[in-house]
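K.L.:
quick one, structure for this:
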Amino acid sequence: MAIAKPDDSRDSVPSDAPALPGRVLLVDDQQELRRLLERALVRVGHEVVTASNGREAIELASRSRFDLVISDVRMPDLGGVELLERLHAEDADLPVLLVSGSPDLDTAMSAVKFGAYEYLVKPVGLDKLRESAARAIEQRRRTDRAKQVLDQYRSGERLRAARVCGAEDRESWTGELLGGRYRIGRLLGAGGMGAVYEATREDLGQMRVAVKVLHASLANDETLLARFRREAETVGSINHPNIVRILDFQAQPDEPAFLVMELLDGVSLRHELARQGRFSGARTVFIAAQMLSALAAVHRAQVIHRDIKPENIVLTSMSGLGDIVKVLDFGVAKVLNASAGDTLTQAGTVLGTPTYMAPEHARGAPIDIRSDLYSVAAIMYEALAGHAPFAGDNYNALLFAIQQGTPTPLAELRPDVDLELIGVVMRAMATEASARFQTAEEMAEALAPWASLEASQSTPPESSAAVYAPTIVKSSVE
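P.N.:
A predicted model of the protein is given here:
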């Protein structure tokens with residue numbers, strides 16, 4: 001074992017040192033590589049403890065607390081994936097970054113299964129290593145802060161302070177225990193229907209989840225409560241890697257109704273569009289193809305999402321592969337085979353966000369799965385053009401523009417994009433539903449020539465806390 005601490009001299013730490021230097025456990029059986037990575041991390045302010053094998057690393061982790069573990073995957077006595085599994089059995093929130101010189105899909109999927117923070121491939125650029133370490137340590141610190149807040153609420157310290165200051169918010173559930181098992185943490189996002197919090201499941205190894213709580217002011221609205229329950233039932237019945245998983249739903253007399261989802265670490269597509277402006281054709285297709293794969297599963301379950309928009313698409317990462325799509329918020333979804341008595345929306349009512357609505361949806365006419373495909377195409381248009389296909393000075397003006405207007409031709413805005421790809425997008429945005437692709441599978445097949453794994457962002461963008469902002473927009477056509 002070796003411990004390397006940053007030099008206190010002014011010249012030893014460069015100006016690009018991380019804002020939050022951390023304590024790192026570095027595990028590799030190759031001494032030369034171990035020393036190289038150690039120097040790279042110490043140079044930017046981290047304290048580094050090294051181990052030459054997995055068993056030594058487990059012993060060190062049992063005696064001391066670390067902010068991050070970086071481990072080689074292939075080691076003779078105990079491999080990186082098994083080390084990851086054992087470390088997380090003791091500390092589920094410890095970020096573990098795995099590095100492999102000969103990556104394979106089975107190992108990568110095992111890394112995902114056991115919660116690896118990232119899966120890097122040798123040779124690893126030192127800048128890339130430092131960036132990944134900084135993100136992982138920041139995540140560790142955020143988790144620690146959330147736990148500290150929960151401990152203060154459990155002790156009553158925060159609640160007493162809030163009452164003294166008159167700042168206690170009856171809509172805030174932070175610190176409360178819901179359903180007898182979910183300890184509510186920090187607020188992640190809020191919308192018209194509910195608020196989403198980070199939480200831990202106290203009866204299951206402190207598993208971290210997201211809890212969507214129905215606003216107290218809506219608790220007596222039977223229609224909205226039924227829609228909330230419908231969301232849980234709808235998403236819970238669909239098992240797809242590109243759809244957020246629903247883990248639980250409860251509506252008890254003495255508590256707010258809430259549903260429990262997997263906790264995602266990523267950013268919304270809205271955030272990424274605002275950050276980058278315009279996407280390449282290949283990246284646009286990579287993201288859209290996953291949205292269509294998710295919608296194919298949704299449509300097979302006889303459900304229309306009705307609110308496909310960038311805010312409801314989260315980009316996560318898996319084994320170092322970025323732009324992995326998760327579709328959220330089925331709060332206004334429509335079940336196609338529902339009986340008249342089970343319908344939650346009156347005829348002529350517009351539900352959803354107007355910017356990405358199909359024309360028939362905007363005018364309150366009956367819709368089907370092709371409306372969701374239009375929304376995907378509208379998002380693709382925005383990703384390529386840098387702005388939405390239609391705009392209006394107000395809500396009704398926007399609805400009118402969608403029904404009557406024609407967007408600026410993409411070929412004029414992006415002459416660098418393949419004309420055939422533009423043709424696919426514009427066909428999916430046809431005013432008449434009969435002129436569009438008829439299924440998500442058909443549209444995905446049309447996009448296949450431009451689909452490429454290399455189009456994804458290998459380095460995921462900095463995570464945003466607002467990826468779970470649930471929304472519901474309701475309006476009657478006037």
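
K.L.:
what residue ranges in the stretch 301-450 of the chain score low on pLDDT?
P.N.:
Residues of the stretch 301-450 of the chain meeting the criterion pLDDT under 70: 319-320, 331-333, 337-353.

K.L.:
for it, what spans make up the helices?
P.N.:
359-362, 369-385, 395-404, 410-413, 419-428, 440-447 (DSSP state H, counting those that start in this stretch).

K.L.:
which of those sits closest to Ala199?
P.N.:
Ala199 lies closest, by Cβ to Cβ, to one member of these: helix 369-385, at 29.8 Å. For glycine as for every other residue, the C-beta is placed from the backbone atoms N, C-alpha and C.

K.L.:
how far off centre is the closest one?
P.N.:
Centroid separation for helix 369-385 versus its chain: 20 Å, with Cα atoms, centre = their mean, to the nearest Å.

K.L.:
swap in stretch 94-110?
P.N.:
On Cα atoms, centre = their mean, the centre of stretch 94-110 falls 21 Å from that of its chain.

K.L.:
what comes up buried for it?
P.N.:
Leu94, Pro95, Val96, Leu97, Leu98, Val99, Ser100, Pro103, Thr107, Ala108, Ser110 (16 or more other Cβ atoms under 10 Å).

K.L.:
tell me the secondary structure of the fourth one, please.
P.N.:
Using DSSP: H, G, I helix; E, B strand; the rest coil as the criterion, the local structure at Leu97 reads strand.

K.L.:
surely Phe279 meets Tyr381?
P.N.:
No: Phe279 is not in contact with Tyr381 according to Cβ atoms under 8 Å; the separation is 11.1 Å.

K.L.:
what about Arg86, helix or strand, and which?
P.N.:
Arg86 is part of helix 80-90 when elements are defined by DSSP states H and E.

K.L.:
and that helix, what does it pack onto?
P.N.:
Where contact means 3 or more Cβ pairs under 8 Å, 6 or more residues apart in numbering; DSSP states H and E, helix 80-90 is packed against helix 54-63, strand 68-72, strand 96-100, helix 105-113.

K.L.:
export that helix to CSV, keeping only CA atoms.
P.N.:
Taking C-alpha atoms only, helix 80-90 is exported to CSV below (Å, rounded to 0.1, in the frame of the first residue of the first chain):
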residue,chain,number,x,y,z
GLY,A,80,-12.6,-5.3,-10.8
VAL,A,81,-16.2,-6.3,-11.2
GLU,A,82,-16.1,-8.6,-8.2
LEU,A,83,-14.3,-5.9,-6.2
LEU,A,84,-17.1,-3.5,-7.3
GLU,A,85,-19.8,-5.9,-6.0
ARG,A,86,-18.1,-6.4,-2.7
LEU,A,87,-17.4,-2.7,-2.1
HIS,A,88,-21.1,-1.8,-2.9
ALA,A,89,-22.3,-4.5,-0.5
GLU,A,90,-20.7,-2.3,2.3
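
K.L.:
which of the helices of the stretch 301-450 of the chain is buried the deepest?
P.N.:
Compared across the helices of the stretch 301-450 of the chain, helix 369-385 shows the largest average neighbour count, a mean of 25 (mean count of other Cβ atoms under 10 Å).

K.L.:
tilt between that one and helix 440-447?
P.N.:
30 degrees (axes from the mean of the first three to the mean of the last three Cα atoms, to 10 degrees).

K.L.:
so helix 369-385 versus helix 395-404, what angle?
P.N.:
Using the same axes, to 10 degrees, helix 369-385 lies at 100 degrees relative to helix 395-404.

K.L.:
helix 369-385 vs helix 419-428, what angle?
P.N.:
140 degrees.

K.L.:
which one of the helices and strands packed on helix 80-90 lies closest to Val42?
P.N.:
Between Val42 and the helices and strands packed on helix 80-90, the shortest gap by Cβ to Cβ is with strand 68-72, which sits at 12.9 Å.

K.L.:
sheet partners, orientation included, of that closest one?
P.N.:
Paired neighbours of strand 68-72 in the sheet (DSSP bridges): strand 23-27 (parallel), strand 96-100 (parallel).

K.L.:
pLDDT on that strand, on average?
P.N.:
Averaging pLDDT along strand 68-72 gives 94.

K.L.:
please state the offset of it from the chain centre?
P.N.:
What separates the centre of strand 68-72 from the centre of its chain is 24 Å, taken as Cα atoms, centre = their mean.

K.L.:
same check on stretch 252-263?
P.N.:
Relative to its chain's centre, stretch 252-263 lies at 20 Å (Cα atoms, centre = their mean).

K.L.:
and what of stretch 37-55?
P.N.:
Its chain's C-alpha centre and that of stretch 37-55 lie 30 Å apart, by Cα atoms, centre = their mean.

K.L.:
list the buried residues for that stretch?
P.N.:
Neighbour counts over stretch 37-55 (16+ other Cβ under 10 Å) mark 37-38, 40-54 as buried.

K.L.:
of all the helices of the stretch 301-450 of the chain, which one comes closest to Tyr117?
P.N.:
helix 369-385 (27.5 Å).
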